[in-house]
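1. Got a predicted model here, sequence first, then my questions.
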Amino acid sequence: MALVSAFRVSERLPGGARNEKAIGAAISIEGLTDILNDLQRIEPNFNKEMRKAGQAVAQLLVNEAVKEAASITRARQALEVMKGMRAQRDRLPTIKLAHNSGFVSKSRPNRNRKTKVTRGDVFFGAEFGGGARKETSQFLRHRGRSGYFFWPTVRKEKKNIATEYLMAIRNVMKQELFK
């Protein structure tokens with residue numbers, strides 16, 4: 001149990017990167033993969049339980065991001081994108097966008113288009129904005145890397161996500177290793 005308490009949430013991103021988009025991760029807990037691999041070797045059922053716990057923690061972040069998406073100006077695009085966000089069952093909390101699912105537009109539905117618009121097509125405009133070109137004028141003002149709903153939520157909830165995940169590891173260890 002003391003090993004899990006010794007983890008440190010790093011303020012640096014993995015690989016020393018500064019851009020969350022470039023690496024696909026926003027939270028780094030030093031030494032985590034080593035301990036997960038060791039615990040999996042000790043108890044074969046550990047991975048199965050950690051996948052459930054990882055999905056539960058990721059779902060907490062999805063729920064917070066939906067609330068944040070509802071709070072922004074012209075929230076319809078953000079809320080429509082968030083309908084495609086799903087917490088995946090993985091050892092690490094993982095969120096994926098159903099990028100090929102159709103985007104529901106009130107002004108110009110997919111049934112009237114030659115090329116169908118997907119949530120993946122709209123995510124970056126809804127999250128980071130647009131307006132520099134005529135093709136992106138339907139989005140809010142471009143914000144650079146800061147984002148409107150998903151990444152601000154990840155940054156705001158970083159400590160809570162790490163704390164919840166480490167508590168989930170402790171609970172699975174108690175449940176599986178100390179039966």
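-> Looks like it arrived, so ask away. Numbering: from 1, shown residues only.

2. how about the strands in the protein?
-> 9-10, 28-29, 85-88, 94-97 (DSSP state E).

3. Present those as CSV; the columns should include mean pLDDT, mean neighbour count and distance to F150.
-> Heads up, the C-betas are built off the backbone N, CA and C, glycines and all. What follows is the strands of the chain, written out as CSV (pLDDT from 0 to 100; neighbours: other Cβ atoms under 10 Å; distance: least, Cβ to Cβ, whole Å):
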stretch, mean pLDDT, mean neighbour count, distance to F150
strand 9-10, 48, 14, 20
strand 28-29, 71, 18, 18
strand 85-88, 94, 17, 8
strand 94-97, 92, 16, 9
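
4. Flag the shaky bits of the chain, pLDDT-wise.
-> 1-27, 178-179 (pLDDT under 70).

5. on that earlier part again, of all the strands of the chain, which one is nearest L177?
-> strand 28-29 (19.4 Å; Cβ to Cβ).

6. Apart from its neighbours in sequence, what residue is nearest F123?
-> Using Cβ to Cβ, 6 or more residues apart in numbering and skipping residues adjacent in sequence, the residue nearest F123 is V81, 5.1 Å away.

7. Report the contact partners of the one you found.
-> Contacts here follow Cβ atoms under 8 Å, 6 or more residues apart in numbering; on that basis V81 touches 69, 97, 103, 119, 122-123, 126-127.

8. hmm, 10 Å instead?
-> 65, 69, 97-99, 103, 119-127, 149-150 (Cβ atoms under 10 Å, 6 or more residues apart in numbering).

9. among these, which ones are buried?
-> For these, a neighbour count by 16 or more other Cβ atoms under 10 Å gives the buried set as 65, 69, 97, 103, 119, 121-123, 125-127, 149-150.

10. Restricted to helices, list those residues.
-> Among these, the members found in helices (DSSP state H) are 65, 69, 119, 121-123, 125-127, 150.

11. for R74, what are its contacts?
-> Counting by Cβ under 10 Å, 6+ apart, R74 has contacts 126, 138-140, 148.

12. want to try CSV for these, with distance to E157 as columns?
-> Formatted as CSV, these follow (distance: Cβ to Cβ, whole Å):
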residue, distance to E157
A126, 19
Q138, 28
F139, 24
L140, 22
Y148, 15
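
13. Out of the ones in helices among the buried ones among the contacts of V81, which comes closest to N160?
-> Of these, the one sitting nearest to N160 (Cβ to Cβ) turns out to be A65, at 12.8 Å.

14. which non-adjacent residue is nearest the closest one?
-> In space, and not counting its chain neighbours, A65 is closest to T153: 4.4 Å by Cβ to Cβ, 6+ apart.
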